[in-house]
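Q: build the 3D model from these lines:
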Amino acid sequence: MKFGKPGQITLVSAIALVVATLFTACGTLNVGFIFVATNKQSPGQIEVYEVNSESGSLRTLPTSPFPSGGRNPVAEVASPDYKNLYVANRDDNNIVQFGIGTDGKLYPQSTVNTPGSFPLAVTINSSNKFVYVLDTLQRIGACSLTNPCPGLLASCNINADGSLGTLVDGTNQCLNSASLQLTPADTKTVLTPTSLNLLASGNFAYVSAYNSATNAGYVFAFATGADGTLSPLNGGLPYPVGAQPAAIASDDAGATVYVADKQLNKISIFAVQSDGSLSLNSTVATGDQPAALTLDGSKFLYVTNSGDSTVTGYTVASGSLAKISTYASDTNPIAITVDPRKLGFLYTVNFLGNSLSGFQIDPSKGSLINTQSTPYLSSLQPTAIAGIPHGGTAKAK
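A: Predicted structure coming up:
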């Protein structure tokens, strides 16, 4: 069939409209950005991925990765307003603030030293007023990895420009902190901190730690003041829990705290009392060497089993857990999160696999199936994951 010139113009216009529509539709598929810290290089790197709302697949940003601003980035958190990403670089004892562009690109803005040494976890409160950092050691002159001392939890106030800390003697400093000591007077017993969790309300913070000499695990509880102060609960004494607690998570209601034990291969389930104190409800078995926890709303909980490279899912009912099943990931998953828009996708960070594994969550059963093209390559030795929502469709198919 031949077309006259008017017909050709009409056909070309129609094709152009279809192509433009397709590109517009494709543009709506990105519903978030995921930021993954990797620590093999010096400085460390931050990989940025776009999340596809239809398939859950990840696409690496063409300009990625971005330098982390220090050596050995091990933790990161995005601000509730999605404007900033805070990255803790363990070997430089600092937190770097990155501005997040509308296209997911990262722009370094400021750096603050942590009050202690070797930071390993960071979190932020929902009001965007404080970042909390967990340090392996207090900053005491004699403290080192070969001559350790107790760890430290600190709060860093967030300024109007997103920078952290209060200006003192020409530098920004995080002024509020609390020691992780077996008793308030015991400065000699060294406990190794492992993870940090802040309730959704922001009123209470919990830190896991263990004594490698005695194989005794603990959880510290703190009330968090409106001015960033940290007040130890339970008379300053930690709660005994297992042998080597490695990860903590809490539900959206702030009613339950879950603690995964890497040595005993179990999750301890604690009820949170009105004053922030904890009472043990029950325990449930995991796979080998659980390393990270996340919840999908109030219905499901997932744990990465770093020793056997799997993810185990559980249904949640009144704080108790019932196992759904266990699913294979890539090698050595050590971090986990749901997608930024909470559309029903789950991702693990696989340290030895140098990758991310993606799963789609069955909304009624909580079971997992692999997302399209999983696993997704990362830079070497990924350690942490955070994400923010973006545009795109509001519901996964």
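
Q: which residue ranges form the strands in the stretch 1-150 of the chain?
A: Residue ranges of the strands in the stretch 1-150 of the chain, as given by DSSP state E, counting those that start in this stretch, are 30-38, 45-52, 58-60, 66-67, 73-78, 84-89, 94-100, 106-113, 117-124, 130-137.

Q: which strands and helices sit next to the third one?
A: In this case it means strand 58-60. strand 45-52, strand 376-377 (3 or more Cβ pairs under 8 Å, 6 or more residues apart in numbering; DSSP states H and E). (C-beta placed from N, C-alpha, C; glycine too.)

Q: likewise the fifth one?
A: In terms of contact count using 3+ Cβ pairs under 8 Å, 6+ apart, strand 73-78 is assigned the packing partners strand 30-38, strand 45-52, strand 84-89, strand 117-124, strand 382-389.

Q: kindly reformat these as JSON lines containing distance to Val257.
A: Converted to JSON lines, the helices and strands packed on strand 73-78 look like this (distance: least, Cβ to Cβ, whole Å):
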{"stretch": "strand 30-38", "distance to Val257": "25"}
{"stretch": "strand 45-52", "distance to Val257": "28"}
{"stretch": "strand 84-89", "distance to Val257": "22"}
{"stretch": "strand 117-124", "distance to Val257": "14"}
{"stretch": "strand 382-389", "distance to Val257": "21"}
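
Q: nearest residue to Leu380 other than its sequence neighbours?
A: Lys40 (3.4 Å; Cβ to Cβ, 6 or more residues apart in numbering).

Q: got the end-to-end distance for stretch 256-274?
A: Across its full length, stretch 256-274 reaches 11 Å end to end, with Cα to Cα, to the nearest Å as the criterion.

Q: for it, what is the average pLDDT?
A: Per-residue pLDDT over stretch 256-274 has a mean of 98.

Q: pLDDT value on Gln41, please?
A: On pLDDT, Gln41 comes in at 89.

Q: ok, now which ones touch it?
A: By Cβ atoms under 8 Å, 6 or more residues apart in numbering, the residues touching Gln41 are 379-380.

Q: can you list the weak-confidence ranges in the stretch 151-300 of the chain?
A: Within the stretch 151-300 of the chain, no stretch falls below the threshold (pLDDT under 70).

Q: for Gly319, give me its contacts.
A: So Gly319 contacts 251, 255-256, 269, 271, 281 (Cβ under 8 Å, 6+ apart).

Q: generate a ChimeraX selection restricted to the buried entries among the residues you listed.
A: Typed into ChimeraX, the next command selects the buried ones out of those (criterion: 16 or more other Cβ atoms under 10 Å):
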select :251,256,269
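
Q: so which of the contacts of Gly319 sit within strands?
A: Residues of those located in strands (DSSP state E): 256, 269, 271, 281.

Q: and Thr187, how far from Cys174?
A: The gap separating Thr187 from Cys174 is 21 Å, by Cβ to Cβ, to the nearest Å.

Q: more neighbours: those two, which one.
A: Set Thr187 next to Cys174 and count neighbours by other Cβ atoms under 10 Å: Cys174 wins out with 24 against 14.

Q: count of neighbours near the closest residue to the more buried one other than its chain neighbours?
A: Excluding its sequence neighbours, the residue lying closest to Cys174 (Cβ to Cβ, 6+ apart) is Cys156, at 3.7 Å. By other Cβ under 10 Å, 27 other residues sit near Cys156.

Q: name the element Cys156 belongs to?
A: Element membership of Cys156, judged by DSSP states H and E, is strand 151-157.

Q: how about Leu293?
A: Assessed by DSSP H and E, Leu293 sits inside strand 290-296.

Q: mind listing the strands the helix or strand following that strand pairs with, and their directions?
A: Sequence order places strand 300-305 as the next helix or strand after strand 290-296, per DSSP H and E. Strands that pair with strand 300-305, judged by DSSP bridges, come out as strand 290-296 (antiparallel), strand 310-317 (antiparallel).

Q: the last one: which residues count as buried?
A: This points to strand 310-317. Of all the residues in strand 310-317, those buried under the rule 16+ other Cβ under 10 Å are 310-314, 316.

Q: any chance of those residues in JSON lines, with pLDDT and distance to Asn93 too?
A: As requested, these are exported to JSON lines (pLDDT from 0 to 100; distance: Cβ to Cβ, whole Å):
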{"residue": "Thr310", "pLDDT": "98", "distance to Asn93": "34"}
{"residue": "Val311", "pLDDT": "98", "distance to Asn93": "32"}
{"residue": "Thr312", "pLDDT": "98", "distance to Asn93": "34"}
{"residue": "Gly313", "pLDDT": "98", "distance to Asn93": "36"}
{"residue": "Tyr314", "pLDDT": "98", "distance to Asn93": "36"}
{"residue": "Val316", "pLDDT": "97", "distance to Asn93": "37"}
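
Q: just those residues now: which is nearest Ser325?
A: Gly313 (6.3 Å; Cβ to Cβ).

Q: how about Leu199, nearest residue that isn't a chain neighbour?
A: Spatial nearest neighbour of Leu199, chain neighbours left out: Gly254 (4.1 Å); criterion: Cβ to Cβ, 6+ apart.

Q: typo on my end, Ser279
A: Nearest-residue entry for Ser279: Ala271, 5.0 Å, with adjacent residues in sequence omitted and distances by Cβ to Cβ, 6+ apart.

Q: who's that neighbour bridged to?
A: Beta-bridge pairing of Ala271 under DSSP bridges involves Thr256, Ser279.

Q: ok, it touching Thr256?
A: Yes - between Ala271 and Thr256 there is a contact under Cβ atoms under 8 Å: 6.3 Å.
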